[in-house]
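S.K.: Got a predicted structure here, sequence first:
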Amino acid sequence: MFKFNFHVDAETSDTAFDLPKEDKTPENERETKEEVIWYQSEQVKPTEALLTNIDLYELNAKDLKVGNIELRHLIAGFVLEDIKTHQDGDSTDIKKSEDEFSDLITGVYEGGAKMWEGTDDILLYLAENFKDSFWKDKHVLDLGCGSGLLGIYAVKCGAQVDFQDYNKDVLENITQPNVVLNLKDAFKDDEKLKFLEENTKFFAGDWSHFSLLTKDLNKYDIILTAETIYNIENQQKLIDTFSSRLKSDGLVLVAAKSHYFGVGGGLEQFIEVIRKNEIFESKNVWHTDENLKRGILELKFK
């Protein structure tokens, strides 16, 4: 059986989200909560400034091998320290999450600075079940991308990939630098920007807004998403995004934990939501009981 030839540091992976405790107050006794204002979606284009820090990125990156594919990514601790030191502390959602000691702040920050177990799980599954040649000329969406490793894997296998994350500063400080770290060393700066322009797109903001922003663009052959079903209130938006942006013969891979403590979402609960929607057929294609029970769902249109 294929195994990664690296280990996940404690700083980059957690067995559970750091979340506020579940509110057990009876519904009729709860105070009316303010409506969450979700970020509008926007395209975030790479700039030449991204390339000026490439030497710094190289010094603070780690390598991993997935199947035949070599990947590189920034060390999470470096990213957080760099943001604290060189950016206005009040201007980044990542910094706000650090100040509040929370991986999730509803409507503000959605955990993109950490690499969760689901990312590792899908990479493992892809390496074992999809030949590198499968990806050639495929159009792929890495939804809720965070580090972007799922999409970067597909890019390095020959796919065109769009990266989407709720937070713009995650894309600018983590995703885009990681993509650049994985470009060919022989590329000159202008060639790197050209490659990014021709083979990738980056989008920030809420899923429902993302679907509207991209409605006139080509749909996706495959959508990859990890650890995105924890919030029950956002699951319908996620399913709507799948149904509006996936090709009729495309597939979705969803990696998740069996249960997310404190928020109620989880793999079995999401399967029931999929069943009630009557849009997709779902199949459990991978699971593990190591640490927390986790699995991968494959979704296809009925």
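M.R.: Received the coordinates, thanks. Residues are numbered from 1 along each chain as shown.

S.K.: now residue 189: how far from residue 54?
M.R.: 9 Å (C-beta to C-beta, to the nearest Å). In short, each C-beta sits where N, CA and C put it, glycine included.

S.K.: cool, and residue 71?
M.R.: When residue 71 is compared with residue 54 (using C-beta to C-beta), they lie 16 Å apart.

S.K.: neighbour-wise, which of the two wins?
M.R.: residue 71 (21 against 15; other C-beta atoms under 10 Å).

S.K.: Just to check, the more buried one is in contact with residue 154?
M.R.: No: using C-beta atoms under 8 Å, residue 71 is not in contact with residue 154; the gap is 11.1 Å.

S.K.: quick one, strands of the stretch 201-302 of the chain?
M.R.: Counting by DSSP state E, counting those that start in this stretch, the stretch 201-302 of the chain has these strands, from start to end: 220-226, 246-257, 280-288, 294-301.

S.K.: For the longest one, buried residues please.
M.R.: Buried residues in strand 246-257, defined by neighbour count with 16 or more other C-beta atoms under 10 Å: 246, 250, 251, 252, 253, 254, 255, 256, 257.

S.K.: same check, this time on stretch 50-61
M.R.: Buried-residue list, stretch 50-61, by 16+ other C-beta under 10 Å: 50, 51, 57, 60, 61.

S.K.: start to end distance for it?
M.R.: 15 Å (C-alpha to C-alpha, to the nearest Å).

S.K.: That one: how far from the chain's middle?
M.R.: In terms of C-alpha atoms, centre = their mean, to the nearest Å, the centre of stretch 50-61 is found 21 Å from the chain centre.

S.K.: what sits up against that stretch?
M.R.: Contact with stretch 50-61 is made by 72-75, 78, 172, 176-177, 180-181, 189, 192-193, as judged by C-beta atoms under 8 Å, 6 or more residues apart in numbering.

S.K.: what about it, average pLDDT?
M.R.: Stretch 50-61 carries an average pLDDT of 88.

S.K.: What about the buried residues of stretch 50-61, which are in helices?
M.R.: 50, 51, 57 (DSSP state H).

S.K.: Residue 237: neighbour count?
M.R.: With other C-beta under 10 Å as criterion, residue 237 counts 17.

S.K.: per-residue pLDDT, the closest residue to it other than its chain neighbours?
M.R.: Leaving aside its sequence neighbours, residue 237 sits nearest to residue 207 (C-beta to C-beta, 6 or more residues apart in numbering; 4.5 Å). In this model, residue 207 is scored at 94, pLDDT.

S.K.: Next, count neighbours for residue 207.
M.R.: Residues near residue 207, counting by other C-beta under 10 Å: 25.

S.K.: And for residue 144?
M.R.: Neighbours around residue 144, by other C-beta under 10 Å: 25.

S.K.: For the chain, give me the ranges with low pLDDT.
M.R.: Per-residue confidence for the chain (pLDDT under 70) gives these ranges: 1-34, 79-91, 93-114.

S.K.: packing partners for the biggest helix by length in it?
M.R.: Counting residues, the longest helix found in the chain (DSSP H) is helix 117-129. The helices and strands touching helix 117-129, judged by 3 or more C-beta pairs under 8 Å, 6 or more residues apart in numbering; DSSP states H and E, are strand 61-66, helix 149-156, strand 220-226, strand 246-257, strand 280-288, strand 294-301.

S.K.: which stretch among these comes nearest residue 138?
M.R.: The closest of the helices and strands packed on helix 117-129 to residue 138 is strand 220-226. By C-beta to C-beta, the value is 4.5 Å.

S.K.: list the buried ones in that closest one?
M.R.: Buried, per 16+ other C-beta under 10 Å, within strand 220-226: 220, 221, 222, 223, 224, 225, 226.
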